[in-house]
Each structure stands twice: as structure tokens, then as C-alpha cells.
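Q: next input, structure requested:
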Amino acid sequence: MNTEELFNEAVSLPVEERALLVDSLLRSLNQPEAEIDKEWAAVAKQRLAELRSGVVDAVPGQEVFDKVRKRFEK
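A: Residues are numbered from 1 along each chain as shown. Prediction:
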């Protein structure tokens, strides 16, 4: 089976199965590293605690995207 045949077969799958396939393929390219995952989890927990305590304020996603687009328009 060549790549085109494989692709055609894959796109004929139900959406849920395609999503699982894509996830599996991406994971095969970027193998998870337990230590890095632990560090990211610690950072995420700290940031959530900061948000909940009011130490930092959340910025709406749309505002962030607007700033990024404006910055890179030039």
C-alpha cells in the first residue's frame, strides 16, 4: 500500500478513529518524556494556583491572538 492509498483509507474512517490515528502518529514523532511532562505539570499547577489566588489575572484568548496578529502584521 502506498502513501496515497493509506491516506484515502484513513480519511474514510469515522471522525473519532481519525482523531485517534492522528494522535498516535503525532506521538510517534514526538515521544513523551516523563521528566519533562512532570516539569510541565508542575508549572501548570503553579499557574493555576496563581490564577485562583488572584496573584495574576487571566487574559482572554482573543485578546492574546489579536496582539500576536498585530505584532506580526508589519
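Q: and for E17, the neighbour number?
A: 11 (other C-beta atoms under 10 Å). Where you see a C-beta, it was placed from the backbone N, CA and C, and this is true even at glycine.
Q: from the contact counts, what lies against the helix or strand it falls within?
A: Element membership for E17 (DSSP states H and E) is helix 15-29. Other helices and strands packing on helix 15-29, by 3 or more C-beta pairs under 8 Å, 6 or more residues apart in numbering; DSSP states H and E, are helix 3-11.
Q: and the angle for the helix it packs on with helix 15-29?
A: Relative orientation of helix 3-11 versus helix 15-29 (axes from the mean of the first three to the mean of the last three C-alpha atoms, to 10 degrees): 130 degrees.
Q: show residues contacting helix 3-11.
A: Under the criterion C-beta atoms under 8 Å, 6 or more residues apart in numbering, residues M1, R18, L21 lie in contact with helix 3-11.
Q: got a list of what D57 touches?
A: No contacts exist for D57 under C-beta under 8 Å, 6+ apart.
Q: what's the distance between it and L6?
A: Distance, D57 to L6, by C-beta to C-beta, to the nearest Å: 47 Å.
Q: ok, R47 next?
A: R47 is 40 Å from L6, by C-beta to C-beta.
Q: kindly report the same for W40.
A: According to C-beta to C-beta, W40 and L6 sit 32 Å apart.
Q: need the per-residue pLDDT for S12.
A: For S12, the pLDDT comes out at 96.
Q: err, M1, not the other one
A: As predicted, M1 sits at a pLDDT of 89.
Q: what's the closest non-adjacent residue to it?
A: E9 (7.6 Å; C-beta to C-beta, 6 or more residues apart in numbering).
Q: quick one: that neighbour and S24, what's the gap?
A: From E9 across to S24, the span is 15 Å (C-beta to C-beta).
Q: just A10 next, same as before
A: 11 Å.
Q: which one of those two is surrounded by more residues?
A: Ranked by neighbour count (other C-beta under 10 Å), A10 and S24 place A10 first, with 13 against 9.
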